[in-house]
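Q: Turn this into a model:
(2 chains)
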Number of protein chains: 2
Amino acid sequence: MKQNYIRPLDLKHGRVDMSHGSGGRAMAQLIDELFAPLLGNDYLAQGNDGSVMPLPDGPGRLVMATDAHVVSPLFFPGGDIGCLSVHGTINDVAVMGAKPLYLSASFILEEGFALADLKRIVESMAAAAKEAGVPVVTGDTKVVEQGKGDGVFISTTGVGWLPAGIELSGNRAAAGDAILVSGPIGDHGMAIMSQRESLAFESPIVSDTAALHGLVADLLASGVQVKVLRDPTRGGLGTTLNEIARQSGVGMMLQEARIPVQPAVAAACEFLGLDPLYCACEGRLIAIVAGEDKDKALAALQAHPQGTGAAIVGSVHEDPHHFVQMTTGFGGKRIVDWLTGEQLPRIC
Amino acid sequence: MKQNYIRPLDLKHGRVDMSHGSGGRAMAQLIDELFAPLLGNDYLAQGNDGSVMPLPDGPGRLVMATDAHVVSPLFFPGGDIGCLSVHGTINDVAVMGAKPLYLSASFILEEGFALADLKRIVESMAAAAKEAGVPVVTGDTKVVEQGKGDGVFISTTGVGWLPAGIELSGNRAAAGDAILVSGPIGDHGMAIMSQRESLAFESPIVSDTAALHGLVADLLASGVQVKVLRDPTRGGLGTTLNEIARQSGVGMMLQEARIPVQPAVAAACEFLGLDPLYCACEGRLIAIVAGEDKDKALAALQAHPQGTGAAIVGSVHEDPHHFVQMTTGFGGKRIVDWLTGEQLPRIC
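A: Numbering: from 1, shown residues only, chains lettered A, B, ... in the order given. From the prediction side, this is the model:
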């Protein structure tokens, strides 16, 4: 079915032009020679406007999540917009307790964007999807004029399968629950910021971008009473916990000394006047579990390669104001408010 | 759970700023005061990173389709990017023969975009989703700096349910099949172009943007042997038929005199030097059906309010070159090639 085009796409020196979004021959060529071979799977190969996929047997519900990705720069230590867009959406499905099944991807390309960079991004996306076992089954490509976009934006949507009996939601945290994180916070945010600000550290800060569905599956399989899972992306741990406190109508108390932060991230934050509590992670899990299960939950997380740095960082209690507070290293207490304004624009 | 913000969003004179994409308080306010009330449904109200939805009982498969919408201008006669993004994705699911169930929407906003315009767009989106009976169950919002976007881009993804027994695909057309369209072609494309070129016609050209799942359901219920359904968006009827001819490995013969084109669209096309065959529709259906069922298919389409202008426009035959050809009004024949280059950028 593949056409023979007069000349193949120049994936070394070529650039995106408006015709690649026209719906015509140039777009078909971009799909045939770049997207399809890299993302290749049987669903995408159906070549229709939508793809048809099987669902698991037995009772279950559908989970759906979507993200627009506008990260800048497009390439950063530890990843790029391609793998980030796969990980981010898989994680949004996984934190509902669902098994991620399928992804869609829509690209908004800026005229003039280097095809070589697009290829790198799609390769990274394909590798991330393959490693996670979650194929990109359908997609779309649009092109906007130079100056009306910024290289490439990628919107990914994920669907997953939630078996009967699993009920996770931001509104299920209750007094007495424990709050865990699966590893050090802020790595992704500071990897982007250090790249943007051209900061050089002795040990470079690398994004933690990763798909968390394996870690989630292990935690759920451990038999722990899990109430809420969330990945602290934009707004970081501080804002994500405030969202959960609001949804559940509870307060939280964190212990600063227990929150894992890598020394290089702490140093970069101090240098830039940022607070690691609000720095995005793209491969860390927040787990709120029944208080009596906290050690079991910690053990389950630490037993997974992605959770070796896990820690119990706080607890849930009653509070009509739904404040998130933190006992500091100096023995004081402070309120961890929502992120106000924009600490880190275009972090994902 | 809703917060009380210090002052409500100024939906008359306010503008998008970078903090609306931060993940913090300003973004929560944008969701609470603009997106959630307009798109409101129980799934979106779950307020989590992903939403959980039921699926129909019985055997079936999932259909998934995605589109990035970058139409310019954002508002045009007959619609806007909001309803277009709902219709476009519902149609991509519907042409697979599936019942559209749920939509996701991700917004990329440009800093400085008027909140009043965003509200109009989301209102239009909500109205389209409500009319179609397909809720927007989850979403995302990002903001990029002024000059790095163009007002608003919307990526929508749809999932649908394909009951056992329905098999539609672009590769199922066979010699002897008939080709139908559900109404006049090119209205959407020329509505955008006449707006862009500030053309005034006696009777204004109005986009045909509409959700087609009702029309598709009626056609399928009629018992006609349907092989392929497709909505001829970017690239128009000409390119879409070439795609199908390629996928199915067949040739096609169209009869120019039978292809419905509104007089105003024909006049505008002539004025602008465009060919209606390549002008996008956003509410028309191409149906390829078994030849013996063509009259029954025509009757089924014409019985639906969206198909009153339906016509049988051609037939499928064997052709090793997979050419789409057309007998012209003058009795000649010409090849209807793929759209080459970009006739109508950012049409959807």
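Q: most centrally placed residue in chain A?
A: By C-alpha atoms, centre = their mean, chain A has its centre lying nearest to residue A:88, at 2.3 Å.
Q: Excluding sequence neighbours, find me the nearest residue to it.
A: Leaving aside its sequence neighbours, residue A:88 sits nearest to residue A:67 (C-beta to C-beta, 6 or more residues apart in numbering or on different chains; 4.9 Å). All C-beta atoms are positioned from the backbone trio N, CA, C, and that covers glycine.
Q: does that neighbour sit in a helix, a strand or a coil?
A: Under the three-state scheme (DSSP: H, G, I helix; E, B strand; the rest coil), residue A:67 adopts strand.
Q: Can you get me a residue count around the residue of the stretch 151-300 of chain A found nearest chain B?
A: Proximity of the stretch 151-300 of chain A to chain B (C-beta to the nearest C-beta) peaks at residue A:234, 2.7 Å away. Other residues near residue A:234 come to 28 when the count uses other C-beta atoms under 10 Å in any protein chain shown.
Q: That one: helix or strand, and which one exactly?
A: Per DSSP states H and E, residue A:234 falls between elements, in no helix or strand.
Q: That one contacts residue A:346, correct?
A: No. The pair residue A:234 / residue A:346 is not scored as a contact, 9.8 Å apart, by C-beta atoms under 8 Å.
Q: list residues touching both of these two?
A: residue B:21 (C-beta atoms under 8 Å, 6 or more residues apart in numbering or on different chains).
Q: Neighbours of residue A:130, how many?
A: Look at residue A:130: counted by other C-beta under 10 Å, it has 15 neighbours.
Q: For it, give me the backbone phi and psi.
A: Backbone torsions of residue A:130, given as degrees, to the nearest 10, read phi -70, psi -50.
Q: again with the one 10 residues further on
A: Dihedral angles of residue A:140 (phi, psi; degrees, to the nearest 10) stand at phi -150, psi 150.
Q: Can you tell me, leaving aside adjacent residues, what's nearest to it?
A: Once flanking residues are discounted, residue A:140 sits nearest to residue A:106: 4.2 Å by C-beta to C-beta, 6+ apart.
Q: for the host helix or strand of the one you found, which positions count as buried?
A: Using DSSP H and E, residue A:106 sits in strand A:99-110. Of the residues in strand A:99-110, those with enough neighbours to count as buried (16 or more other C-beta atoms under 10 Å in any protein chain shown) are A:99-110.
Q: Repeat that for stretch A:61-80.
A: A:61-72, A:74, A:76-80.
Q: Only the buried residues of stretch A:236-250, if you could.
A: For stretch A:236-250, by 16+ other C-beta under 10 Å, it's A:236-248, A:250.
Q: okay if I get those residues as TSV plus secondary structure and distance to chain B?
A: Shown next, in TSV, are those (DSSP: H, G, I helix; E, B strand; the rest coil; distance: C-beta to the nearest C-beta, whole Å):
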residue	secondary structure	distance to chain B
A:236	helix	8
A:237	helix	11
A:238	helix	9
A:239	helix	5
A:240	helix	8
A:241	helix	13
A:242	helix	9
A:243	helix	7
A:244	helix	10
A:245	helix	10
A:246	helix	6
A:247	helix	6
A:248	helix	9
A:250	coil	12
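Q: How far off centre is stretch A:75-85?
A: When distances are taken as C-alpha atoms, centre = their mean, to the nearest Å, stretch A:75-85 is centred 11 Å away from the chain's centroid.
Q: contacting residues around it?
A: So stretch A:75-85 is contacted by A:67, A:69, A:71, A:74, A:87, A:105, A:117, A:120-128, A:152, A:154-156, A:187-188, A:191-192, A:194-195, A:204-209, A:282, A:348 (C-beta under 8 Å, 6+ apart).
Q: for the stretch 201-348 of chain A, what spans make up the strands?
A: With DSSP state E, counting those that start in this stretch as the criterion, the stretch 201-348 of chain A has strands at A:226-230, A:251-255, A:286-289, A:311-317, A:324-327, A:333-335.
Q: Would the shortest one count as contacting chain B?
A: No. Between strand A:333-335 and chain B, judged by C-beta under 8 Å from any C-beta of the partner chain, nothing touches; the nearest distance is 13.4 Å.
Q: Strand partners (parallel or antiparallel) of that strand?
A: strand A:324-327 (antiparallel) (DSSP bridges).
Q: returning to that earlier point: out of the strands of the stretch 201-348 of chain A, which one sits most buried?
A: strand A:286-289 (a mean of 27; mean count of other C-beta atoms under 10 Å in any protein chain shown).
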